[in-house]
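Novice: coordinates only, sequence not included:
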């Protein structure tokens, strides 16, 4: 049996899948199997994978059932002691698995180890922005306030964690990874590799613009999390209040970045329904951003933002 099973769910992602698969096969840690679950693709994914005929790659095809069902199929077909997830449009740095395997080997109390994430454009080039968290140990409280893993391609998980947490929820078309990490955190400790070892590709097909669906799924994740909260009952109301506020602020920022001003204002107003959030630093920063955008005009604001992102990318490339 391989030490690590890599699960890649893929639905019409052939534009990106070859680069994702290469990043898995070019890892410095070699004791792996790669499970590609073709979730009803119509773009030739099945034929392309079969043509590779790589001894470490296994393909399983099913009708289009969604990412949760695809990941669950991958879990059922895999045999490794450790499981790592890689979305078909993301890219791993070569030492990712090696560092995570070493971490789990040295820390038997840890059930999941994640890494930092570097945002990338549609071509896989880093934008210069890093999504980073230092949360480790018992992270349930931190996770319900924010998905500290940032990207579904960062974690490596001990197989036995799924015996306690169960599989991914098929009724969650979005936020299913956040739901899973919260359930694992109810039982197991987390660790973090403080390096951006995953490139999260941003492109037009990302599902983060489906606002109503994201809102519904995220609220459902929080409801389920607090029904089984591993914290004293006296703390639940306060943590839930903060988690709900944090969710709406996150959705507001996401809408701003996607140039959806009406949605940003809606989510910002929802975040202000709790008195404790009205004068928080994040809430005020978001309000100032909305004001500046209205003052400059949406076009001028986004032109300025594009220049800023370009400068940030250039600086990050110089550092490399």
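Specialist: Good, I have the coordinates. Source: prediction; values computed, not measured.
Novice: Can you list the buried residues in stretch 62-78?
Specialist: Within stretch 62-78, the residues that count as buried by 16 or more other Cβ atoms under 10 Å are 65-75, 78. Where C-beta positions appear, they are placed from N, C-alpha and C, glycine not excepted.
Novice: for those, which one is nearest residue 160?
Specialist: Closest to residue 160 out of those is residue 75 (12.1 Å), distances taken as Cβ to Cβ.
Novice: Name the helix or strand for that closest one, please.
Specialist: helix 67-77 (DSSP states H and E).
Novice: so where do the helices sit in the stretch 51-200 of the chain?
Specialist: 67-77, 96-106, 140-145, 160-165, 176-185 (DSSP state H, counting those that start in this stretch).
Novice: what pLDDT does residue 113 get?
Specialist: For residue 113, the pLDDT comes out at 98.
Novice: if I pick it, what's in contact with it?
Specialist: 100, 103-104, 107, 155-156, 190-193 (Cβ atoms under 8 Å, 6 or more residues apart in numbering).
Novice: quick revisit: same list, the helices of the stretch 51-200 of the chain, but as TSV with mean pLDDT please.
Specialist: Formatted as TSV, those follow (pLDDT from 0 to 100):
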stretch	mean pLDDT
helix 67-77	98
helix 96-106	98
helix 140-145	96
helix 160-165	96
helix 176-185	97
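Novice: Next one: the residue most central in space within the chain from residue 265, what distance?
Specialist: Nearest to the mean C-alpha position of the chain, counting by Cα atoms, centre = their mean, stands residue 151 at 2.0 Å. Counting by Cβ to Cβ, to the nearest Å, the separation of residue 151 from residue 265 is 27 Å.
Novice: again with residue 146
Specialist: Taken as Cβ to Cβ, the span from residue 146 to residue 265 is 21 Å.
Novice: if we can go back for a sec, how about the residue nearest to the centre of the chain, what does it touch?
Specialist: Residue 151 sits next to 87, 90, 117, 131, 198, 200 when contact means Cβ under 8 Å, 6+ apart.
Novice: before we move on, back to that, quick one: which of the contacts of residue 113 has the most company?
Specialist: residue 156 (27 neighbours; other Cβ atoms under 10 Å).
Novice: Just list whatever residues bridge to that residue.
Specialist: Counting by DSSP bridges, residue 156 forms beta bridges with residue 84, residue 113.
Novice: for the closest residue to residue 251 other than its chain neighbours, helix, strand, or coil?
Specialist: Setting aside the residues directly before and after it, residue 251 is nearest to residue 267 in space (Cβ to Cβ, 6 or more residues apart in numbering), at 4.2 Å. With DSSP: H, G, I helix; E, B strand; the rest coil as the basis, the three-state label of residue 267 is helix.
Novice: which two from the contacts of residue 113 end up farthest apart in space?
Specialist: 107 and 155 (14.3 Å).
Novice: can you redo the contacts of residue 113 as TSV with distance to residue 121?
Specialist: Output for those, formatted as TSV (distance: Cβ to Cβ, whole Å):
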residue	distance to residue 121
100	26
103	29
104	32
107	35
155	23
156	26
190	29
191	29
192	25
193	24
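Novice: Closest one to residue 51 out of those, please.
Specialist: residue 156 (28.7 Å).
Novice: ok, the closest one - contacts?
Specialist: Contacts of residue 156 by Cβ under 8 Å, 6+ apart are 4, 82-84, 97, 100-101, 104, 112-114.
Novice: Equivalent analysis for residue 91, please.
Specialist: Residue 91 neighbours (Cβ under 8 Å, 6+ apart): 19-20, 23, 120, 124, 198-199, 201.
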